[in-house]
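Engineer: Sequence plus the predicted model coming up.
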Amino acid sequence: MSRAIVVVPCYNEAKRLNMRAIQDFGRRTDTAELLFVNDGSRDETLELLEHLNAANPRRFSFLHLVKNSGKAEAVRQGLLLAIRSGADYVGYWDADLATPLSDIEPFCRVLDNQPHVHAVLGSRMPLLGRHIERQALRRALGRVFARVASLALGLRIFDTQCGAKLFRVTPEMVAVFERPFLTNWIFDVEILARMKRCRCAAGRPALEQVLYEYPLDRWRDVAGSTVKSSDFGKAVFEMARIYWTYLRPGAPAFAVQPDAEGRVLSPAPPRGPRSDQRAA
């Protein structure tokens, strides 16, 4: 049976963590584990994560970062730890559970049943029979941004920014997460750009052949999000940086680096701008 570890980045989430839903998921699942990354929270988030770990250490663990480093780096640190822990699949999920935790297992089934798929991307498609609750302005900006991202990446993708994603652990994915991201707001797009550069450098099939967009049954805006519509301008700037670094003609290769014997090394222990790091 495949083992999945899903990273949940947390920054001052004490009032938004749905402890009942998380605990219920831990009792029901037999395939997935949640790895919470406390990104320098100043509230009681760490205490709640310690409680979850103590109550169900087989399903809940945490990584404590003393200094806040932003969602992108918190996710990356968690993914590296999940990879080193021996997971077959790793991913990340938003702490507000806008995407229900029950969708993790269908994501796993996609990877189980389709060996050619390397990444399952949650997609907030407003299809009939589904319950996708998004603010009108955010939905409109999201469609514009998805169009820009599709043009930059050279593939048609409906939703790059949904905070629910799961990846198959491969040497390529290890390489994607080894280095800190250049961006913070749209690191989801940077992950795809790095995957594309890795595949190009290795002469592998096109990126779209290993991606699977999973239409979510439910998704809802949760009060308290720190993301604002005004952040759209920051996202556009970061998109330009991604394009210049990874996607423009003549961009440097971003490839898996083997050792002298041709093996791809596991990533080194994560490093970051903090004075302490603790995992449980």
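Structural biologist: Ah, there it is.
Engineer: helix/strand/coil for the closest residue to residue 198 other than its chain neighbours?
Structural biologist: Spatial nearest neighbour of residue 198, chain neighbours left out: residue 172 (4.8 Å); criterion: CB to CB, 6 or more residues apart in numbering. For the C-beta atoms, the positions are set from N, CA and C on the backbone; glycine is no exception. Classification of residue 172 by DSSP: H, G, I helix; E, B strand; the rest coil places it in helix.
Engineer: can you tell me which residues contact residue 172?
Structural biologist: Contact partners of residue 172, counting by CB atoms under 8 Å, 6 or more residues apart in numbering, are 118, 195, 198, 199, 202, 204, 256.
Engineer: Tell me which of those fall in helices.
Structural biologist: 195, 198, 199, 202 (DSSP state H).
Engineer: Which among these count as buried?
Structural biologist: 195, 198, 199 (16 or more other CB atoms under 10 Å).
Engineer: Just the closest of the residues you listed to residue 126, please.
Structural biologist: Distance to residue 126 across those (CB to CB) is lowest for residue 195, with 26.7 Å.
Engineer: residues touching the closest one, list them.
Structural biologist: Residue 195 touches 118, 119, 172, 173, 176, 207, 210, counting by CB under 8 Å, 6+ apart.
Engineer: Can you list the neighbours in contact with whatever helix or strand residue 142 lives in?
Structural biologist: Residue 142 is part of helix 136-153, with elements assigned from DSSP states H and E. Contacting residues not belonging to helix 136-153 are listed as 124, 126, 134, 156-161, 186, 189, 192-193, 196, 207, 221, 229, 232, 235-236, 239, 242-243, 247 [CB under 8 Å, 6+ apart].
Engineer: Please, a ChimeraX command that selects the buried ones among those residues?
Structural biologist: Paste this into ChimeraX to select the buried members of these, with burial taken from 16+ other CB under 10 Å:
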select :124,157,158,159,160,161,186,189,192,193,196,207,232,235,239,242,243,247
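Engineer: I'd say residue 186 and residue 237 touch.
Structural biologist: No: proximity of residue 186 to residue 237 does not meet the contact threshold set by CB atoms under 8 Å, at 9.6 Å.
Engineer: any weak-confidence spans in this protein?
Structural biologist: Where the chain drops to pLDDT under 70, the residues are 223-232, 255-280.
Engineer: can you map out the strands along it?
Structural biologist: Using DSSP state E, the strands of the chain run over 4-10, 32-39, 60-65, 89-93, 119-123, 131-133, 164-168, 211-215, 218-220, 277-279.
Engineer: Surely residue 88 and residue 166 touch.
Structural biologist: No: counting by CB under 8 Å, residue 88 sits too far from residue 166 to count as a contact (10.4 Å).
Engineer: which residues are common contacts for those two?
Structural biologist: Common neighbours of residue 88 and residue 166 (CB under 8 Å, 6+ apart) are residue 4.
Engineer: Which one's more surrounded, those two?
Structural biologist: Neighbours were counted for residue 88 and for residue 166 using other CB atoms under 10 Å; residue 166 has more, 28 against 15.
Engineer: Let me see the contact set for residue 104.
Structural biologist: Residue 104 touches 4, 6, 25, 29, 32, 91, 93, 166, counting by CB under 8 Å, 6+ apart.
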